[in-house]
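Engineer: okay, sequence plus prediction incoming.
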Amino acid sequence: MRTLHWFRNDLRLQDNPALLAACQQGAVLPVFILDTDEPARSALGGASRAWLHRSLTALNASLNNNLVMLKGSAQTLIPDLCARYQIEAVTWNRGYEPWTIQRDSGLKTALKARGLAVTSFNGALLFEPWDTVKKDGFPYRVYTPFYKHCMANLSPRIPGVLNATRIRVVPHAEQAGLESLALRPPVTWDDAMLTDWTPGEQGAQRRLQHFLATGMGDYREGRDFPAKRSVSGLSAHLHFGEISPHQVLASARAESPSDDNQAHFIKELVWREFSYNLLYHFPTLQEKNLQAKFDHFPWEANEALLKAWQTGQTGYPIVDAGMRELWQTGSMHNRVRMIVASFLVKNLRLHWHHGERWFWDCLVDADLASNSASWQWAAGCGCDAAPYFRIFNPTTQGQRFDPDGEYTRRYVPELLGLPNQYLYEPWACPVEISRAAGIVMGKDYPAPIVEVKASREAALLAFSEMKRRAAG
DNA sequence: CCTGGAGTTGTCCTA
DNA sequence: TTAGGACAACTCCAG
């Protein structure tokens, strides 16, 4: 039997249930499509496109350059390919974005009507979102009960092994190839951005092994310190399916002691599941406040403040370091993501949509479920969100989690000579000291664009105002 | 249906 | 200096 395997966010050969099924029933036509039917708001951001370009390069190489890569409408391209190459079956791993679900179910119906055998698989999640519901049938809205449910019902999948050298590929004459997808930016800024990353299945496995060897032993504490990098760095690999959560879970359990560190790491994997759970059950997650009372929240509209945040020119060093890390590397340490998010939605009081969009365009790990759920969490309008009075103080956070300024100075080098004592409140640095460090405050480094104490109080007032209106 | 316990990641003030 | 409580109730979840 000839099967078309449609690669989407499952860009790996190992532990890929849909690909394995295709290979087991005969010859395979491996296909990737950059779907031009995708709605504009879901279209990949620049950083993700650059990552995808490399990931597809890696996947194509592991398939001996047999991967068919096309740009266009999947709804027409898939049936066309099936007809051209006498395909009898189609496989893919499921996606969970609303538009993906809609497209896939339509396509499945159309293909079945043509007599093709179409099968979809779970290749991206530990749990299908429709399986993680409460006893009353409704979805979880609070993380901890969701987590407990998951841990009680977790049945590890033995990662499926595929002998890549024995994949029989359907001979084809598709010439278009990777360059026709035009994923790389016209000005190739992406080389510099991706120096620390290796997209693709091999890179994902190496990243996992590196983390298990160097980060896991310290994970519970160390993950909060951006200079340490005790985090896994697997988010982009997971997003594109270069590695599966089952593979990560199995390796973590097999190769690290089952202690508090491992438990906390698994909790983070389950957070990813929780986000997909929310996206599936609340498909408007990207746009609509999960807590409707936030529809009345008095957000500010200020282009200059937004621009300062985006470019890392807020005058708060830990915030600026994070935003510049994002711009330069396509990523940001988790602790710092929370700090910059809190700053945007509470101190600047700009709508979380601005943060969601900027992250979407800049992150190599941009993921509809995780990004939307996390921004709603930070803004306080999500399920099980941070309480509104929890407002991060960028000075305190910097002092606590980057006490030596190693991380902050890496991305805010103009403050290299500033003593640690003043690093997180440079405006308070006596002029003779900053002059000795060669810094003119307000010129070499911006003065704070808002005052933390006043903006915090204004945010708290806005929240209580919102609640008053919601109640009335 | 009722009830009790709990809820990712903080800050600030007071004693 | 440091430890503890307030912040604001409210909803969610399990028994």
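Structural biologist: Sure thing, it's come through.

Engineer: what about residue A:296, how many residues nearby?
Structural biologist: 13 (other C-beta atoms under 10 Å). Backbone N, C-alpha and C define where each C-beta goes, glycine included.

Engineer: how much space between it and residue A:468?
Structural biologist: Plainly put, residue A:296 is 10 Å away from residue A:468 if you go by C-beta to C-beta, to the nearest Å.

Engineer: ditto for residue A:116
Structural biologist: Taken as C-beta to C-beta, the span from residue A:116 to residue A:468 is 58 Å.

Engineer: quick one: contacts for residue A:108?
Structural biologist: Going by C-beta atoms under 8 Å, 6 or more residues apart in numbering, residue A:108 touches A:118, A:120.

Engineer: apologies, that question was intended for residue A:392.
Structural biologist: A:338, A:339, A:342, A:343, A:346.

Engineer: let me know the helix or strand that it is in.
Structural biologist: Assigned by DSSP states H and E, residue A:392 belongs to no helix or strand.

Engineer: now it: how far from residue A:220?
Structural biologist: Taking C-beta to C-beta, one finds residue A:392 at 20 Å from residue A:220.

Engineer: and the residue of chain A nearest DNA strand B?
Structural biologist: Relative to DNA strand B, the nearest point of chain A is residue A:144 (3.2 Å; C-beta to the nearest atom of the strand).

Engineer: once you drop chain neighbours, what's closest to residue A:17?
Structural biologist: residue A:121 (4.0 Å; C-beta to C-beta, 6 or more residues apart in numbering).

Engineer: repeat for residue A:341
Structural biologist: That would be residue A:378: by C-beta to C-beta, 6+ apart, it lies 3.7 Å from residue A:341.

Engineer: just give me the longest helix of chain A.
Structural biologist: Ranked by residue count, the top helix of chain A under DSSP state H comes out as helix A:260-281.

Engineer: can you give me how far that one is from the chain middle?
Structural biologist: 13 Å (C-alpha atoms, centre = their mean, to the nearest Å).

Engineer: that helix - contacts with which helices or strands?
Structural biologist: When contacts are defined as 3 or more C-beta pairs under 8 Å, 6 or more residues apart in numbering; DSSP states H and E, helix A:260-281 packs onto helix A:143-153, helix A:219-222, helix A:245-255, helix A:368-379.

Engineer: ok, back up a step: burial count for the residue nearest to residue A:341?
Structural biologist: 26.

Engineer: now do residue A:40
Structural biologist: 5.

Engineer: next: the one 10 residues further on.
Structural biologist: The tally of other residues near residue A:50 (other C-beta under 10 Å) stands at 24.

Engineer: which strand or helix spans it?
Structural biologist: Residue A:50 is part of helix A:46-62, with elements assigned from DSSP H and E.

Engineer: if we can go back for a sec, got a markdown table for the helices and strands packed on helix A:260-281, with mean pLDDT too?
Structural biologist: Listed next are the helices and strands packed on helix A:260-281 as a markdown table, based on pLDDT from 0 to 100:
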| stretch | mean pLDDT |
| --- | --- |
| helix A:143-153 | 94 |
| helix A:219-222 | 94 |
| helix A:245-255 | 96 |
| helix A:368-379 | 96 |
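
Engineer: which of these sits most buried?
Structural biologist: Comparing these by mean neighbour count (mean count of other C-beta atoms under 10 Å), helix A:368-379 comes out on top with a mean of 25.

Engineer: whichever helix or strand comes after that one close to DNA strand C?
Structural biologist: Going down the chain from helix A:368-379, the next helix or strand is helix A:394-401, by DSSP H and E. No - against DNA strand C, helix A:394-401 shows no contacts by C-beta under 7 Å from any atom of the strand, the least distance being 12.3 Å.

Engineer: look up how far residue A:453 lies from the residue in the stretch 351-472 of chain A that DNA strand C sits nearest to.
Structural biologist: At 3.9 Å from DNA strand C, residue A:387 is the closest residue in the stretch 351-472 of chain A, using C-beta to the nearest atom of the strand. Distance, residue A:387 to residue A:453, using C-beta to C-beta: 19 Å.

Engineer: what's the helix or strand for residue A:118?
Structural biologist: Short version, using DSSP H and E: residue A:118 is in strand A:117-121.

Engineer: go ahead and name everything in contact with the lengthiest strand in chain A.
Structural biologist: Ordering each strand of chain A by length in residues (DSSP state E) puts strand A:28-35 first. Contacts to strand A:28-35, defined as C-beta under 8 Å, 6+ apart, come from residues A:2-8, A:11, A:19, A:22, A:56, A:59, A:63, A:66-74, A:77-78, A:81, A:85, A:87, A:103, A:167-170, A:172, A:181, A:183.

Engineer: just the terminal-to-terminal distance for stretch A:357-372.
Structural biologist: 9 Å (C-alpha to C-alpha, to the nearest Å).

Engineer: for stretch A:168-187, same thing?
Structural biologist: 38 Å.

Engineer: contacts only, for residue A:353.
Structural biologist: Residue A:353 touches A:287, A:375, counting by C-beta under 8 Å, 6+ apart.

Engineer: for it, what is the enclosing helix or strand?
Structural biologist: helix A:352-362.

Engineer: flag every residue of the stretch 101-250 of chain A that's near DNA strand B.
Structural biologist: By C-beta under 7 Å from any atom of the strand, the residues of the stretch 101-250 of chain A that approach DNA strand B are A:142, A:143, A:144, A:224.

Engineer: do you know the pLDDT at the last one?
Structural biologist: Per-residue confidence for residue A:224 comes out at a pLDDT of 95.

Engineer: leaving out chain neighbours, which residue sits closest to it?
Structural biologist: Counting by C-beta to C-beta, 6+ apart, residue A:335 is the residue found nearest to residue A:224 once chain neighbours are left out, at 5.0 Å.

Engineer: the one you found reaches residue A:228, doesn't it?
Structural biologist: No - using C-beta atoms under 8 Å, residue A:335 makes no contact with residue A:228, being 10.1 Å away.

Engineer: could you measure from residue A:126 over to DNA strand C?
Structural biologist: 17 Å (C-beta to the nearest atom of the strand, to the nearest Å).

Engineer: can you report how many residues lie near that residue?
Structural biologist: 24.

Engineer: for the residue nearest to it when sequence neighbours are not counted, give me its contacts.
Structural biologist: If the residues on either side of it in the chain are set aside, residue A:126 comes closest to residue A:245, at 5.1 Å by C-beta to C-beta, 6+ apart. The neighbourhood of residue A:245, defined by C-beta under 8 Å, 6+ apart, consists of A:124, A:125, A:126, A:238, A:269, A:272, A:273.

Engineer: residue A:281: what's its closest spatial neighbour, skipping adjacent residues?
Structural biologist: Using C-beta to C-beta, 6+ apart, the nearest residue to residue A:281 is residue A:139, at 3.9 Å.

Engineer: who are the contact partners of the one you found?
Structural biologist: Contacts of residue A:139 (C-beta under 8 Å, 6+ apart): A:129, A:132, A:133, A:277, A:278, A:280, A:281, A:282.
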